[in-house]
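**Q** coords please:
(one chain, ligands or ions: 2)
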Amino acid sequence: MQSFSAFLAKFIFLALILQSVVRFSFCQEGFCYSPSILEEQPLYWKATNPTLSPSHLKDLPGFTRSVYKSDHALITPESHVFGPLPEWSNTLGAYLITPSMGSHFAMYLVKMQEFSKSALPLKDVERFVFVLHGVVTLTDASGAKHNLEVDSYAYLPPNLKHSLDSSAAATLVVLERRFPLDLSPIPFPVYDLVMVYNYLENHASEQIIGSTSEQPLLETPGEVFQLRKLLPTSLAYDFNIHIMDFQPGEFLNVKEVHYNQHGLLLLEGQGIYRLGDSWYPVQAGDTIWMAPFVPQWYAALGKSKTRYLLYKDVNRNPL
Ligand code: UGY
Ligand code: MN
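**A** Ligands and ions are numbered 1, 2, ... in the order given. So this is what the prediction gives:
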């Protein structure tokens, strides 16, 4: 038979486990209630103990961290609106950046399902696809099939036949940019308006298929972040996609202001993004549009590294 002291020890042990389970469930997402929830809370308790955790704020009616201004936008996941993509089958898409904001490119999320299939981009539009979840099959112009897993990507030059399909759920981020190949049929006044003229004779871009981890780390003079570029840096390519990694506490040394535009998807981590005169707490899943010359700066915070994917127009004279 158990002695009373053994029984007491077991009782205390079980009570401690129960208390830690209760505490754990109320300490998730960085927010703990104190004193213990086992005590009855007084009337209006919440008014003097506001919920501080961002994950709770997200659920406030009408609350969003999304912001849309003339020179930048932050689009956070609770604002995503998915709908069918024109001519894609069994697929939902959410346009996050489009020329209606002032960008010269579009960036959208694509959720593919079983038996889903892409449509071709519009005429003269180049496309970049990056896999965020699942596996998609790219069938290229020659009929060859390429399986793209998470962290893999493809660049398809304008007017190159291809299709993407998936036999299970998969998520992609897609960037598209109009690449004028032949401006001659465009009447003179319109021609003037589209002088962001990207075509360079003898510099045709080619289909690229790759994976982030295969790309070498590049020099970043004066900066501490790690940089990979997913596309060739040759003249044929009028944009590049950068993958940038920051350890917690690292930040951009240059307080950047430049003529290039950006589309950014935060893939991992948390931090503060400065855009113009505003400072935004951001985290994985957030999208940012940066117009030319918007002051921009990032500091990685939180407990894990930040990784973001960044569209940047390059290799063209801005005149
Ligand atoms: O290359 C860039 O312009 C990059 N460093 N910008 C950014 O991270 N906002
Ligand atoms: Mn920049």
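**Q** center of this structure, which residue is that?
**A** residue 265 (1.9 Å; C-alpha atoms, centre = their mean).
**Q** the strands in the stretch 101-250 of the chain, which residues?
**A** For the stretch 101-250 of the chain, the strands defined by DSSP state E, counting those that start in this stretch occupy 105-117, 125-133, 136-139, 145-148, 152-156, 163-166, 170-178, 208-211, 226-229, 239-246.
**Q** please list the residues of the stretch 101-250 of the chain that sit near ligand 1.
**A** 242, 244 (C-beta under 6 Å from any ligand atom). All C-beta spots, glycine's among them, are computed from the backbone N, C-alpha and C.
**Q** show me where pLDDT drops low in the stretch 101-250 of the chain?
**A** Within the stretch 101-250 of the chain, the ranges that satisfy pLDDT under 70 run 180-199.
**Q** in the stretch 151-300 of the chain, which residue sits closest to ligand 1?
**A** residue 296 (4.4 Å; C-beta to the nearest ligand atom).
**Q** and the spatially closest residue to that residue that is not a sequence neighbour, how many neighbours does it have?
**A** Nearest residue to residue 296, sequence neighbours excluded (C-beta to C-beta, 6 or more residues apart in numbering): residue 256, at 4.9 Å. Counted with other C-beta atoms under 10 Å, residues neighbouring residue 256 total 16.
**Q** ok, residue 256 - contacts?
**A** Residue 256 makes contacts with 295-297, as judged by C-beta atoms under 8 Å, 6 or more residues apart in numbering.
**Q** identify the bridge partners of the residue nearest to the centre of the chain.
**A** Note on residue 265: beta-bridge partners by DSSP bridges are residue 287, residue 309.
**Q** that one and residue 287 touch, don't they?
**A** Yes. At 5.5 Å, residue 265 counts as touching residue 287 under the criterion of C-beta atoms under 8 Å.
**Q** touching both of those two, which residues are there?
**A** Residues touching both residue 265 and residue 287 (C-beta under 8 Å, 6+ apart) are residue 107.
**Q** quick check: chain neighbours aside, which residue is closest to residue 80?
**A** Nearest residue to residue 80, sequence neighbours excluded (C-beta to C-beta, 6+ apart): residue 94, at 4.5 Å.
**Q** can you verify that neighbour is assigned to a strand?
**A** Yes. Counting by DSSP: H, G, I helix; E, B strand; the rest coil, residue 94 falls inside a strand.
**Q** so it touches residue 82, yeah?
**A** Yes. Here residue 94 reaches residue 82: they are 4.7 Å apart, a contact under C-beta under 8 Å.
**Q** between the two, which is the more surrounded one?
**A** The residue with more neighbours, out of residue 94 and residue 82, is residue 94; 18 against 14, by other C-beta under 10 Å.
**Q** and residue 266, what pLDDT?
**A** On the pLDDT scale, residue 266 is placed at 96.
**Q** quick one: the helices in this protein, in order.
**A** Under the criterion DSSP state H, the chain contains helices at 4-25, 45-48, 54-57, 188-193.
**Q** these: lowest mean pLDDT?
**A** If you rank the helices of the chain by mean pLDDT, helix 188-193 sits at the bottom with a mean of 45.
**Q** now do the shared contacts for residue 94 and residue 82.
**A** Common contacts of residue 94 and residue 82 (C-beta under 8 Å, 6+ apart): residue 109.
**Q** indicate the residue of the stretch 51-200 of the chain located nearest to ligand 1.
**A** When scored by C-beta to the nearest ligand atom, the stretch 51-200 of the chain has residue 72 as its residue closest to ligand 1, at 10.7 Å.
**Q** quick check: that residue vs residue 132, distance?
**A** In this view, residue 72 and residue 132 are 23 Å apart by C-beta to C-beta, to the nearest Å.
**Q** of these two, give the one with the bigger neighbour count.
**A** Taking neighbours as other C-beta under 10 Å, residue 72 and residue 132 compare with residue 72 leading, 23 against 17.
**Q** isn't the more buried one right next to residue 290, touching?
**A** Yes. Taking C-beta under 8 Å as the definition, residue 72 is a contact partner of residue 290 at 5.4 Å.
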